[in-house]
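Participant: Sharing a sequence plus its predicted fold:
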Amino acid sequence: MKRAAVILAGGAGTRLRPLSSDDNPKQFLRLFAGRSLIQLTYARVARLAANIYVSTNERYAPLAREHVPEAAIIAEPARRNTAPAIALSCFAIERELGDCVIAVLPSDHFIGDEEEFARVLSRAYDFAASHDELMTIGIAPTEPTSEYGYLRLGSEIEPGIIRLEKFVEKPPRETAEEFLRAGNYTWNAGMFVWRASVFRRALEAAAPEVARVTRENYESMPNISIDYALMEKAPRVAAVRGDFDWSDLGSFEALKRVGALPE
């Protein structure tokens, strides 16, 4: 089955102001030896998928073409959060490629171990190709932090694939410490993998209004994340644990930790 990927690049990067700006948000900052986060994301996924798309706001479409000219650009007519953006992209990909397997990945995250990331994403691709679960990648936590949401994992479906029991909002530190001790919680990195047809059917059931998204009605879509619109409601969600260094680079302290410096 064909593999595709959507790189989400529509965010304004407000947490890194003034390093980022409305004209040059975080995903386009050249933080790693002159390379931007979106370029690094593209290079990682290009090892595994031949069909790569970038979902971004119309304002940033020229920047996206400049940074990753090899990718196809899907421009959002307005800012409506991740659920409408992902739906618009996945439906467009399904029309073009048929029932393929699609990974949805943020454009502005740091990944430390490229080989482990490739192994985990490939495992998710393979499972999603032959099962009706919506897949997510849970990052093995290295500290009790309130910076991230968490995933509560249940029983193993098959080796390396775990039933996801619950999405948990960013907890207070004391609760995060309990999660770390429990051992069955991972960080929610906002990375997803699914078959196009499975995603479409699940979205129609969980969020029918979002499932009707088109470019023409995009501005009337609700401003809602994919977690709230779909993932927290879907009956069949599974996870692959990612044991690699990861950060959403949401602060200057996070940039310092990974050695990222602007050009």
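Facilitator: Structure's in. What do you need? This structure is a prediction, so every number in the text was calculated from the model and none was measured.
Participant: neighbouring contacts of the helix or strand where residue 155 lies?
Facilitator: According to DSSP states H and E, residue 155 maps onto strand 150-158. Strand 150-158 has contacts (CB atoms under 8 Å, 6 or more residues apart in numbering) with 127, 133, 136, 138, 141, 162-168, 171, 176, 179, 184-188, 238-239, 241. All C-beta spots, glycine's among them, are computed from the backbone N, C-alpha and C.
Participant: one more time with 6 Å, if that's ok
Facilitator: 138, 162-166, 168, 179, 184-186, 188, 238-239 (CB atoms under 6 Å, 6 or more residues apart in numbering).
Participant: how far out from the middle of the chain is the very next helix or strand once past that strand?
Facilitator: Under the assignment DSSP H and E, the closest C-terminal helix or strand after strand 150-158 is strand 161-168. Relative to the centre of its chain, strand 161-168 is centred 16 Å away, using CA atoms, centre = their mean, to the nearest Å.
Participant: Can you mark which positions in the helix or strand following strand 161-168 are buried?
Facilitator: Later in the chain than strand 161-168, the nearest helix or strand by DSSP H and E is helix 173-182. For helix 173-182, burial by neighbour count (16 or more other CB atoms under 10 Å) applies to 176, 179.
Participant: hang on, residue 188 in a helix?
Facilitator: No: assessed with DSSP: H, G, I helix; E, B strand; the rest coil, residue 188 is strand; it does not lie in a helix.
Participant: thought it was touching residue 147?
Facilitator: No: checked against CB atoms under 6 Å, the pair residue 188 and residue 147 is beyond contact range at 11.1 Å.
Participant: Which one of those two is surrounded by more residues?
Facilitator: Under the neighbour definition other CB atoms under 10 Å, residue 188 and residue 147 were set side by side, and residue 188 has more, 22 against 14.
Participant: Looking at strand pairing, list the partners for that one.
Facilitator: The partner list for residue 188 in beta bridges (DSSP bridges) reads residue 138.
Participant: if I look at it, how far off is residue 254?
Facilitator: 16 Å (CB to CB, to the nearest Å).
Participant: Of the contacts of strand 150-158, just say which sits nearest to residue 37.
Facilitator: Checking these against residue 37 by CB to CB gives residue 188 as the nearest, at 18.8 Å.
Participant: Please tell me how far the closest residue to residue 184 other than its chain neighbours sits from residue 191.
Facilitator: Nearest residue to residue 184, sequence neighbours excluded (CB to CB, 6 or more residues apart in numbering): residue 153, at 4.8 Å. The gap separating residue 153 from residue 191 is 15 Å, by CB to CB.
Participant: Repeat that for residue 89.
Facilitator: In terms of CB to CB, residue 89 sits 15 Å off from residue 191.
Participant: ok, now residue 112?
Facilitator: 15 Å.
Participant: And those two? Which one has more around it.
Facilitator: residue 191 (25 against 11).
Participant: show me the contacts for the closest residue to residue 230 other than its chain neighbours.
Facilitator: Once flanking residues are discounted, residue 230 sits nearest to residue 206: 4.9 Å by CB to CB, 6+ apart. By CB under 6 Å, 6+ apart, the contact set of residue 206 is 230, 233-234.
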